[in-house]
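Undergrad: build me a structure from this.
(2 chains)
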Amino acid sequence: MDLELMANSFPKLLNAAVITLKLLSASLIIGLFVGLFFAILRLNKNIFLNKFAYGYSYVFRGTPLLVQIFIIYFGLGQIEYLRSTFLWVILKEPYWCAIIAFALNTGAYTSEILRSAFQTIKPGIVEAGKSLGISNKIIFYKIQIPIAIRQSLPAYGNEIILMMKGTSLASTVTIMDLTGVAKYIISTTFKPIEVFIVAGGIYLFMTFIIHNLIKFLEKKYSFN
Amino acid sequence: MELLAFGKTGWGDELFIATLMTIAVSITAMLIGFLFALIFTPLKLSKNKLCNLIGNTYTTVIRGVPELLVIYLLFFGGSGAVMFVASIFGYNEYIEINAFITGSFAIGIISGAYSTEVFRGAIQSIDKGQFEAAKVMGLNKFAQFYKIILPQTLRLAIPNLSNVWQITLKDTSLISVTGLVEIMRQSYIAAGSTRDPLFFYSFAAVLYLMLTFLSMKIINKLEAKYSRGY
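TA: The predicted structure is shown next:
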């Protein structure tokens, strides 16, 4: 055990954890909107829209996140047309490419979580709203969405933790996040166990915080 | 399509072999995961506090730490650990572990943590009466477990194990960082030498989709088989 190395690498890894958290929060926020959009499409009666949303979630859940990042980071740059548009400003940065890939990936999972949450809402609740003369739009925004969010909290909490682990893949496209820095320290010092304990500890701590935050929210928004 | 030709002109045969490699690593990792589950599920279910702690630490740590970090730990630390054990037995030469073994072992440890949780949940959800009935019938402990409990556990566990399989299959893409030539690594090589990353990574995505689709079909058959009578 090299305690000195552990103490020395701790601040470096902690700084890198900030980047991990930034990646995580940006992709979760964008992913939530993507997920909500596709969940609504899934509930649509139009078969074409429905199939499109299903195809989206099937493809993104059926392929590894690493492939998705590589397609966006290495693949899209190959299209000449994209290089001339304003999108290129975003797509040439590995940081934004990683966030786009993460957001699309978590969006696919989120859409499934929200869809099943919408489907478990009892029809009686919607009917009660209708019989009170509330418009469909308000029923959706004020009744269905809040219930769906409460319903999907436990599953979404798991998704946040999975996504936090997913952000480690950003290190494959040259971003120095927690895993990237850990790998750098391991490959320069050849002390994998010490670095693993420190970096893994930071990840576990973040998992612990997220887990308890979700638990708190579940309790706060529980029905009874 | 020329890029996918078999033989020396295209990457078809290389990608085909890489796909077989991905399947081989996934199956090996899944089996190693079952071995881990076989050890850790009883620990998690045991009444002994220490056993419980060991079991819980394993599943919590592995499920809370990124897969890539576990892979780096084994990739950089694996041969060191083996050499340390070998030196106890008096063997001091350098030992290099095959990338296939390191990779399947790393993914196996991860897959094992998920399998452990699945088996724990399945055993816990079996009616207590089944254990008692097995005892009353005068079966020995071995028969109680293998003839009564295990078949029921499998039925309950298969839908969740299919999720574990999907996760394992997708996680194998990560061991490309260790240099093992599976789908992802082969696409990386092909993309590098043809300067056509968009095509090759998209093709890799299609290959993974095919694998997940086919395995779903097979698992559905298995599920039907084990749910006979329900």
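Undergrad: which residues are in contact with the most centrally placed residue in chain B?
TA: Nearest residue to the geometric centre of chain B (Cα atoms, centre = their mean): B:M30, 2.9 Å. Residues in contact with B:M30 (Cβ atoms under 8 Å, 6 or more residues apart in numbering or on different chains) are B:G108, B:S111, B:V164, B:W165, B:T168. C-beta here means a position set from N, CA and C on the backbone, and glycine is covered the same way.
Undergrad: may I see the buried residues of stretch B:44-63?
TA: B:K44, B:G55, B:Y58, B:T59, B:V61, B:I62, B:R63 (16 or more other Cβ atoms under 10 Å in any protein chain shown).
Undergrad: residue contacts, the last one?
TA: It stands for B:R63. Going by Cβ under 8 Å, 6+ apart, B:R63 touches A:I161, B:A113, B:Y114, B:E117.
Undergrad: what are the phi and psi angles of A:G133?
TA: Backbone torsions of A:G133, given as degrees, to the nearest 10, read phi 80, psi 20.
Undergrad: kindly reformat the contacts of B:R63 as CSV containing neighbour count and secondary structure.
TA: Below are these laid out as CSV (neighbours: other Cβ atoms under 10 Å in any protein chain shown; DSSP: H, G, I helix; E, B strand; the rest coil):
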residue, neighbour count, secondary structure
A:I161, 19, helix
B:A113, 23, helix
B:Y114, 23, helix
B:E117, 18, helix
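Undergrad: could these go into a markdown table alongside pLDDT and distance to B:Y72?
TA: Listed next are those as a markdown table, based on pLDDT from 0 to 100; distance: Cβ to Cβ, whole Å:
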| residue | pLDDT | distance to B:Y72 |
| --- | --- | --- |
| A:I161 | 93 | 20 |
| B:A113 | 95 | 17 |
| B:Y114 | 94 | 20 |
| B:E117 | 93 | 24 |
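Undergrad: quick check, nearest of these to B:I23?
TA: Checking these against B:I23 with Cβ to Cβ, the nearest one is B:Y114 at 19.0 Å.
Undergrad: wait, that closest one sits on B:I167?
TA: Yes - if you go by Cβ atoms under 8 Å, B:Y114 and B:I167 touch, sitting 6.3 Å apart.
Undergrad: helix or strand with the lowest mean pLDDT in the chain?
TA: All of this refers to chain A. helix A:80-84 (a mean of 78; mean pLDDT, DSSP states H and E).
Undergrad: wait, I meant chain B there
TA: helix B:141-143 (a mean of 81).
Undergrad: which stretches in chain B count as helices?
TA: Counting by DSSP state H, chain B has helices at residues B:12-45, B:49-64, B:67-88, B:99-124, B:128-136, B:141-143, B:150-171, B:183-194, B:197-226.
Undergrad: hmm, I was thinking of chain A
TA: Going by DSSP H, chain A shows helices at A:3-43, A:47-62, A:65-70, A:80-84, A:87-91, A:94-119, A:123-131, A:136-138, A:145-166, A:178-189, A:192-220.
Undergrad: looking at those helices, which is buried most?
TA: Comparing these by mean neighbour count (mean count of other Cβ atoms under 10 Å in any protein chain shown), helix A:65-70 ranks first with a mean of 25.
Undergrad: list every C-alpha atom in that helix, with coordinates, as PDB.
TA: Extracted as PDB, the C-alpha positions of helix A:65-70 are listed here (Å, rounded to 0.1, in the frame of the first residue of the first chain):
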ATOM      1  CA  LEU A  65     -22.600   3.500 -25.200                       C
ATOM      2  CA  LEU A  66     -19.100   3.400 -26.400                       C
ATOM      3  CA  VAL A  67     -20.200   2.800 -30.000                       C
ATOM      4  CA  GLN A  68     -22.600   5.800 -29.700                       C
ATOM      5  CA  ILE A  69     -19.800   8.100 -28.500                       C
ATOM      6  CA  PHE A  70     -17.400   6.900 -31.200                       C
END
